[in-house]
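Participant: This is the structure alone, sequence omitted:
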């Protein structure tokens, strides 16, 4: 099992729309492509708002295949297109990290 940390810079001007799009569309479509979202958070510091979430994957190959199929999903492409036209860009910088547990990390539930 591997975990992936995704951190998106989001903007105050359309933050509510971003959350609605992720909650109502992205998470649903991700599940269809084999994503398992472990948890989601919002954080703010130094004038920057971020949305962070952790995904659980059985292995890197599955992660890679699932991301490719999600990004190519026509429903997701259309949702992104329409929301961008109506509300502008909703995501700035994106950070993507694979989390490797230390030998002394407590076991994950």
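Facilitator: In hand now; what should we look at? Here the structure is a predicted model, which means the values were calculated and not measured.

Participant: Wait, residue 94 touches residue 50, no?
Facilitator: No - the criterion here is C-beta atoms under 8 Å, and residue 94 misses it with residue 50 at 10.1 Å. Every C-beta, even on glycine, is put in place using the N, C-alpha and C of the backbone.

Participant: Now list whatever residues contact both of these two.
Facilitator: Listed contacts common to residue 94 and residue 50 are 7, 8, 9; contacts here mean C-beta atoms under 8 Å, 6 or more residues apart in numbering.

Participant: what's near enough to touch residue 48?
Facilitator: By C-beta under 8 Å, 6+ apart, the residues touching residue 48 are residue 9.

Participant: let's see 10 Å
Facilitator: 9, 10, 11, 12, 92, 93 (C-beta atoms under 10 Å, 6 or more residues apart in numbering).

Participant: And it, how close does it get to residue 22?
Facilitator: Applying C-beta to C-beta, to the nearest Å, the value for residue 48 to residue 22 is 18 Å.

Participant: ditto for residue 62
Facilitator: The value you get for residue 62 to residue 22, if C-beta to C-beta is used, is 21 Å.

Participant: out of those two, which sits in the busier spot?
Facilitator: residue 22 (20 against 13; other C-beta atoms under 10 Å).

Participant: Does that one touch residue 51 like I think?
Facilitator: Yes - contact criterion C-beta atoms under 10 Å: residue 22 and residue 51 qualify, at 7.2 Å.

Participant: joint contacts of these two?
Facilitator: Contacts common to residue 22 and residue 51, judged by C-beta under 10 Å, 6+ apart, are 8, 10, 40, 90, 91.

Participant: Now for the closest residue to the fourth one other than its chain neighbours: which residues touch it?
Facilitator: Beyond its immediate neighbours in the sequence, the residue positioned closest to residue 90 (C-beta to C-beta, 6 or more residues apart in numbering) is residue 18, lying 4.3 Å away. Contacts for residue 18 were tallied using C-beta under 10 Å, 6+ apart; they are 8, 10, 11, 26, 42, 49, 51, 83, 87, 89, 90, 91.
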